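A.B. asks: Got a predicted structure plus its sequence, pasted below:
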Amino acid sequence: MNIGSVLNTGIQGVQTGIRGMEQSAQDIVKAGSGESATGDFIEPIMDLKLYENSVEASTKVVKAADEMIGTLLDTMA
């Protein structure tokens, strides 16, 4: 596994998490407006937190890959 693929995996994780957060936010709005059959806020709020944690973890992967690239460039220079 090379650093580029790790970086891409992190970026994809961030993008997926953001899309999930957007969907969860829409579900919360639907529950509050009465569009949802159950009107249940619990599941979309839990999903929102789950996606938030996913974005944070993926951001750490991107940061680690970036630091590794910087270290390799400094070593080679």
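C.D. replies: In hand now; what should we look at?

A.B. asks: Off-centre distance for the longest helix seen in the chain?
C.D. replies: The longest helix of the chain (DSSP state H) is helix 42-76. Relative to its chain's centre, helix 42-76 lies at 8 Å (C-alpha atoms, centre = their mean, to the nearest Å).

A.B. asks: And stretch 50-61, what's buried?
C.D. replies: Tyr51, Ser54, Val55, Ser58, Val61 (16 or more other C-beta atoms under 10 Å). To be clear about C-beta, it is placed using only N, CA and C from the backbone, and glycine gets the same treatment.

A.B. asks: mean confidence for it?
C.D. replies: The average of the pLDDT scores along stretch 50-61 is 97.

A.B. asks: show me the contacts for Tyr51.
C.D. replies: The neighbours of Tyr51, taking C-beta atoms under 8 Å, 6 or more residues apart in numbering as the test, are Gly17, Ile18, Gly20, Met21, Ser24.

A.B. asks: Ignoring the adjacent residues along the chain, who's closest to the last one?
C.D. replies: Meaning Ser24. Of all residues beyond its chain neighbours, the one nearest Ser24 is Leu48 (3.9 Å), with distances taken as C-beta to C-beta, 6 or more residues apart in numbering.

A.B. asks: Against Gly4, how distant is the one you found?
C.D. replies: For Leu48, the distance to Gly4 equals 31 Å [C-beta to C-beta, to the nearest Å].

A.B. asks: next one: Gln15
C.D. replies: From Gln15 to Gly4 the distance is 16 Å (C-beta to C-beta).

A.B. asks: I'd like to know which elements the host helix or strand of Glu22 is packed against.
C.D. replies: Using DSSP states H and E, the element containing Glu22 is helix 3-33. Counting contacts by 3 or more C-beta pairs under 8 Å, 6 or more residues apart in numbering; DSSP states H and E, helix 3-33 is packed against helix 42-76.

A.B. asks: between the helix it packs on and helix 3-33, how many degrees?
C.D. replies: Here helix 42-76 runs at an angle of 160 degrees relative to helix 3-33 (axes from the mean of the first three to the mean of the last three C-alpha atoms, to 10 degrees).

A.B. asks: can I have stretch 49-69 written out in CSV, keeping just the CAs?
C.D. replies: Taking Å, rounded to 0.1, in the frame of the first residue of the first chain, the C-alpha atoms of stretch 49-69 are listed here in CSV:
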residue,chain,number,x,y,z
LYS,A,49,-22.6,11.7,15.3
LEU,A,50,-21.4,8.5,13.7
TYR,A,51,-20.6,10.3,10.4
GLU,A,52,-19.0,13.2,12.4
ASN,A,53,-16.6,10.6,14.0
SER,A,54,-16.0,9.1,10.6
VAL,A,55,-15.0,12.4,9.2
GLU,A,56,-12.7,13.1,12.1
ALA,A,57,-11.0,9.7,11.8
SER,A,58,-10.6,10.1,8.0
THR,A,59,-9.2,13.6,8.6
LYS,A,60,-6.5,12.1,10.8
VAL,A,61,-5.6,9.6,8.1
VAL,A,62,-5.2,12.5,5.6
LYS,A,63,-3.1,14.4,8.0
ALA,A,64,-0.9,11.4,8.7
ALA,A,65,-0.4,10.7,5.0
ASP,A,66,0.4,14.4,4.4
GLU,A,67,3.0,14.4,7.2
MET,A,68,4.6,11.2,5.9
ILE,A,69,4.9,12.8,2.4
